[in-house]
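*Asks:* here is my input; please provide its structure:
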Amino acid sequence: MRHAFVWGLLGLVGVGVASYVGRHALLSAIGGFLIVQDEARPADAIVVLSGSLPDRILEAVDLYQAHLAPRIVLTREQPLPGLAALRARGATLPEHHEQNISIAEQLGVPAEAIDLMPTATTSTLAETRALVAYLRQRNVHSILLVTSKAHARRAQLIFRALAGPDLHMAVCPSRYDPFAAETWWHERGFVRRVVIEYGKLLNFMVLDRWLAEKSQT
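*Replies:* I've put the predicted structure just below:
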């Protein structure tokens, strides 16, 4: 009995040591799983999902200036809280899509090459659902989908679940996003991002994916 206890204790110590020694590889794999990058090939449009800036719009401008697509499509979020009251007082604050338009134009993208999806949304799932309908109305059959690195995996899964095979998509996470799979746990902001992203990814895989696929039937 005593020998079994000793061997069991040594086994636990061994597992702990192995976990400590291999923690960098494990953490890197956790961060790396979230990042998906497809080959950027010529497409009908470049789509920028709402979220962080200016990293996403910078990537979109680079793709546009590389002549990989003739148009940039921007989505829009729900109005910022208090924005109407702010504007009623004579002050102004550009919304994210307005800032993206301004940045793209300042970097040389002509206004006529920028489209703005009219529907405002509050989640990636709702955003993608509205986006797919918008693209189909405009006979867009292929896109380069620009988002942040840690958001790329979930964005890809959601888009494929909602768009189906008739709308080809390549995910292009922004190279200007500082998130790195090899070091994300060194910064509290990135740790929070990974934890939240895995929670949202799990929610999509368990619940939202089933609902999305059901709505397509």
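
*Asks:* can you give me the helices for the protein?
*Replies:* Along the chain, counting by DSSP state H, helices occupy 2-21, 23-34, 55-65, 83-88, 96-106, 124-137, 152-163, 188-203, 209-216.

*Asks:* now for these, which one comes closest to Leu144?
*Replies:* helix 55-65 (5.5 Å; C-beta to C-beta). Glycine gets a C-beta too; all of them are placed from N, C-alpha and C.

*Asks:* got a list of contacts for the closest one?
*Replies:* Applying C-beta atoms under 8 Å, 6 or more residues apart in numbering, the contact partners of helix 55-65 are 40, 46, 48-49, 69, 72, 99-100, 103-104, 107-109, 113, 144, 146-148, 172-177.

*Asks:* redo the helices of the chain as a markdown table? Include mean pLDDT and distance to Arg76.
*Replies:* Listed next are those as a markdown table, based on pLDDT from 0 to 100; distance: least, C-beta to C-beta, whole Å:
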| stretch | mean pLDDT | distance to Arg76 |
| --- | --- | --- |
| helix 2-21 | 43 | 44 |
| helix 23-34 | 91 | 25 |
| helix 55-65 | 98 | 13 |
| helix 83-88 | 90 | 12 |
| helix 96-106 | 96 | 4 |
| helix 124-137 | 94 | 9 |
| helix 152-163 | 94 | 16 |
| helix 188-203 | 94 | 20 |
| helix 209-216 | 61 | 21 |
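
*Asks:* now those helices in CSV, with distance to Met117 and mean neighbour count?
*Replies:* Shown next, in CSV, are the helices of the chain (distance: least, C-beta to C-beta, whole Å; neighbours: other C-beta atoms under 10 Å):
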stretch, distance to Met117, mean neighbour count
helix 2-21, 46, 9
helix 23-34, 25, 15
helix 55-65, 14, 22
helix 83-88, 19, 11
helix 96-106, 9, 17
helix 124-137, 5, 19
helix 152-163, 14, 21
helix 188-203, 21, 14
helix 209-216, 19, 12
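
*Asks:* quick one: which of the ones you listed is nearest Glu182?
*Replies:* Taking the helices of the chain one by one with C-beta to C-beta, helix 23-34 is closest: 5.1 Å.

*Asks:* what does that closest one contact?
*Replies:* For helix 23-34, the surrounding residues in contact (C-beta under 8 Å, 6+ apart) are 19, 149-154, 179-182, 184-185, 190, 194, 197-198, 201.
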